[in-house]
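Novice: predicted structure and sequence below. I'll ask about it afterward.
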Amino acid sequence: MHKELRDIRQLSLEEIETFFIENGERSFRAKQVYEWLWKKSLKNFDDMTNISLATRELLKSNFSINHIQVDDIQRSNDGTIKNAVKLHDGLIVESVLIPTNTRITACISSQVGCSLDCNFCATARLKRMRNLNPDEIYDQVVAIKEEGELYFGRPLTNIVYMGMGEPLLNYQNVLDSIEKITSPKGLGMSPKRITLSTVGIPKMIKRMADEEVKFNLAVSLHSAIDETRSRMMPINEKSNLDELAESLQYWYRKTGRKITFEYVVWKDINDDERHARALAKYCGRVASKVNLIEYNPIDDGEFQQATPDKIDMYEQILESKNIVVNVRRSRGKDIDAACGQLANKSIG
Ligand code: SAH
């Protein structure tokens, strides 16, 4: 009978050790295999050259390596690269390489589709199919790291969990992936180079703070007025801005790290002084800075980016309260690789 193979990268080092001992092998083999799987990102047991043929056969008859496959690559005229990533079960997610003069940033997905209904985001149009496993998240980073070296001759410098899905609704797998990315047994990257972006789920933000994680937190705010925020992001009806602020204050007390608010200014939605002042006031409650991000229109064209004078108005009001504010240009728009545009369009 065909035996169900387990994804070996779901196992910890200790679990692989136990497997070897139970099968009459020496436990130190586990370390070697683990290093091939994570640090060296091998896709086949046969390439594990320091492992005997018999041991490789043992592994092959029990496990699979569910490596992702980069199915399609699109390059933007601004240098941005979008990967369509095929998972072992045929589902597809997207990840993006964003090059600047000083950085190579990987923007990666945490779920297939998304269960939240932010009404301005293309990914929200897709049904949430499933969570990504830690290895599937890790592989996206490795793929972009390799592309950075190949196309730009430069190392990967930053990772943002800003692709498809809500990372805090796939909490443990996302944290496990970060563990692997930062561990010397994995990619050995500094957690300071990693940013997790969330719609803001207070309970999970507090849990993360309690675990004393070392990466950065970004929150998609988009409005500091409950009525407007609930209209754009229905999650706000479950946990409002007060609850969110309270969890972010908790985060800051525990981690000492400021939050980045991501904020889009839309025409006739939040482009007036009342909204700008509400944002300034909210920033006064939470140790934070603001990234004003450009809106990337999605197909139905229901929302539009505010005019430049409104962005200036926001900047002035925030700066007059000594709040750090950056205006972010979007990247990769021509290939639907910009924020909120990831929807597997190119692959149907
Ligand atoms: N679920 C997480 C991460 C994915 S979205 C989150 O919500 O933070 C990454 C960022 O893109 C979020 O700030 C999101 O609000 C923003 N975004 C979504 N659609 C967008 C669009 N069409 N234009 C610009 N930003 C968008």
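Specialist: Sure, I can see it. Everything numeric in this text was worked out from a predicted model, so none of it was measured.

Novice: please, where are all the strands along the stretch 51-200 of the chain?
Specialist: For the stretch 51-200 of the chain, the strands defined by DSSP state E, counting those that start in this stretch cover 63-64, 69-75, 81-86, 92-99, 104-107, 111-112, 130-131, 158-161, 194-198.

Novice: so for the ligand, which of these sits nearest?
Specialist: strand 194-198 (3.7 Å; C-beta to the nearest ligand atom). Every residue, glycine included, has its C-beta placed from N, CA and C.

Novice: what pLDDT, on average, does whichever strand or helix holds Ile311 get?
Specialist: Ile311 is part of helix 308-320 when elements are defined by DSSP states H and E. Mean pLDDT, helix 308-320: 97.

Novice: packing partners of it?
Specialist: If contacts are counted by 3 or more C-beta pairs under 8 Å, 6 or more residues apart in numbering; DSSP states H and E, helix 308-320 sits against helix 273-285, strand 288-293, strand 325-328.

Novice: name the nearest residue to Lys289, sequence neighbours excluded.
Specialist: The spatial neighbour of Lys289 that comes closest, neighbours along the chain excluded (C-beta to C-beta, 6 or more residues apart in numbering), is Val324 at 3.9 Å.

Novice: separation between that neighbour and the ligand?
Specialist: Distance of Val324 to the ligand, given as C-beta to the nearest ligand atom, to the nearest Å: 17 Å.

Novice: is it true that that residue touches Asn291?
Specialist: No: using C-beta atoms under 8 Å as the test, Val324 is too far from Asn291 to be in contact (9.5 Å).

Novice: if you count surrounding residues, which of these two has more?
Specialist: Neighbours were counted for Val324 and for Asn291 using other C-beta atoms under 10 Å; Asn291 has more, 16 against 13.

Novice: quick check: residues of the stretch 1-150 of the chain near the ligand?
Specialist: 118, 120-121 (C-beta under 6 Å from any ligand atom).

Novice: now, of these, which are buried?
Specialist: 118, 120-121 (16 or more other C-beta atoms under 10 Å).

Novice: and the nearest residue to Glu273 once chain neighbours are set aside, what is it in contact with?
Specialist: Nearest residue to Glu273, sequence neighbours excluded (C-beta to C-beta, 6+ apart): Met313, at 6.7 Å. Neighbouring residues of Met313 by C-beta atoms under 8 Å, 6 or more residues apart in numbering: 271, 273, 276.

Novice: ditto for Ala343
Specialist: Applying C-beta under 8 Å, 6+ apart, the residues contacting Ala343 are 122-123, 125-126, 298, 336.

Novice: how about Ala287?
Specialist: So Ala287 contacts 252, 258-259 (C-beta under 8 Å, 6+ apart).

Novice: out of these, who's the most crowded?
Specialist: Most surrounded of the contacts of Ala287: other C-beta under 10 Å gives Ile259, at 23 neighbours.

Novice: excluding sequence neighbours, find me the nearest residue to that one.
Specialist: Ile259 sits nearest to Ser288 (C-beta to C-beta, 6+ apart), 4.5 Å away.

Novice: distance check, the one you found against the ligand.
Specialist: For Ser288, the distance to the ligand - C-beta to the nearest ligand atom - is 14 Å.

Novice: quick one, what contacts that residue?
Specialist: 248, 258-261, 323.

Novice: likewise for Glu147?
Specialist: 73, 81, 83, 97.

Novice: for the ligand, give me its nearest residue in the stretch 201-348 of the chain.
Specialist: Gly340 (1.8 Å).

Novice: dump the residue contacts of Gly113.
Specialist: Here Gly113 is in contact with 123, 126-129, 164-165 (C-beta under 8 Å, 6+ apart).
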